[in-house]
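**Student:** Give me coordinates for this.
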Amino acid sequence: MKILLTGKNGQVGFELQRALAPLGEVIAVGQAECDLANPDALRSLVRSVNPEVIVNPAAYTAVDKAESDQERAFLINAQAPEILGVEAARLNALVVHYSTDYVFNGRQERAYVEEDEVDPQSVYGQTKLAGEQALAQTGARHLIFRTSWVVGAHGHNFAKTILRLAAERESLNVVADQFGAPTSAALIADVTAQILGQYQRLDDPKAFPFGLYHLTASGVTHWCDYAKTLVAAAQAAGKPLKLTPEAIKAISTAEYPVPAARPANSRLNTQKLRSTFGLHLPDWQHGVAHILSQIL
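**Tutor:** Prediction:
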């Protein structure tokens, strides 16, 4: 397969370059090669590459900044997936796109399934939902993977922030009333490659189960316990830190105001993906341990 990959320098895009390589030729681009906020450049890119599969992990992910930078967030998160869908439909190509738990309001007690009502509470969530819907409406073959709490050895994320602060501070306050599953970028990339491998082997691609799926690691934690896990693991690995796990204090979301609302419940039910594609999604701690071994 010829695969066009966007966002090559992001957490997931970086891992996808490795994971997709055995499937065929991967043409990977970053913002320097194509700004997804530029519709003409994006159309030109797809037409010049002429891919069989477009994999789009690129996104505007600055959740708080999006509240005041709505136009650019919309162009990248909503309009770009639509353009990719239109171009893919013309080529009879497949689009793989990534979305987020932020499409939900986070007030539900159980884990969200794909069919649950969407109700984004932030500009980021609204633009990501708009991207999902716009892509689906193009009629292109598509796979949309909603994920959450992404962590990788490459790029910026919560784990790296906590480790940096742990080297600088002797105490830290972390929110303890938001729940989810930290999901490694490597897992997202590997699952994507496994599913695309299944697609590649089909005699009749039309029989493939396209659509929307939830993709996260198994298990659940909250940000405070996650931070304690990270610091304890770094200590065990011999990293010199000022902060101990015991010095991390649990606080409420209300005690840590930010511009964009965060879902209290970011848990996504992955049964549909696991049963459809016959895949196992390991516990979040497994992925975090792997990422930490690389970071440390």
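**Student:** Run a quick neighbour tally on residue 110.
**Tutor:** Each residue near residue 110 was counted by other CB atoms under 10 Å, and the total is 9. Heads up, the C-betas are built off the backbone N, CA and C, glycines and all.
**Student:** Look at it and give its secondary structure.
**Tutor:** Three-state assignment for residue 110 (DSSP: H, G, I helix; E, B strand; the rest coil): coil.
**Student:** give me every residue that touches it.
**Tutor:** The contact partners of residue 110, by CB atoms under 8 Å, 6 or more residues apart in numbering, come to 267, 269.
**Student:** So it versus residue 271, what's the distance?
**Tutor:** 12 Å (CB to CB, to the nearest Å).
**Student:** Tell me which stretches of the stretch 101-250 of the chain form helices.
**Tutor:** Under the criterion DSSP state H, counting those that start in this stretch, helices of the stretch 101-250 of the chain are mapped to 123-137, 158-168, 185-201, 223-236.
**Student:** for the protein, what are the low-confidence residue spans?
**Tutor:** The chain contains no residues with pLDDT under 70.
**Student:** For it, which segments count as strands?
**Tutor:** 2-5, 25-28, 53-56, 94-100, 141-147, 150-151, 172-175, 179-180, 183-184, 211-214, 221-222, 248-251 (DSSP state E).
**Student:** still on that earlier bit, reformat the helices of the stretch 101-250 of the chain as a markdown table; add mean neighbour count and distance to residue 290.
**Tutor:** Output for these, formatted as a markdown table (neighbours: other CB atoms under 10 Å; distance: least, CB to CB, whole Å):
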| stretch | mean neighbour count | distance to residue 290 |
| --- | --- | --- |
| helix 123-137 | 22 | 26 |
| helix 158-168 | 17 | 11 |
| helix 185-201 | 19 | 7 |
| helix 223-236 | 20 | 11 |
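**Student:** Which one, of those, ends up nearest to residue 261?
**Tutor:** helix 123-137 (8.3 Å; CB to CB).
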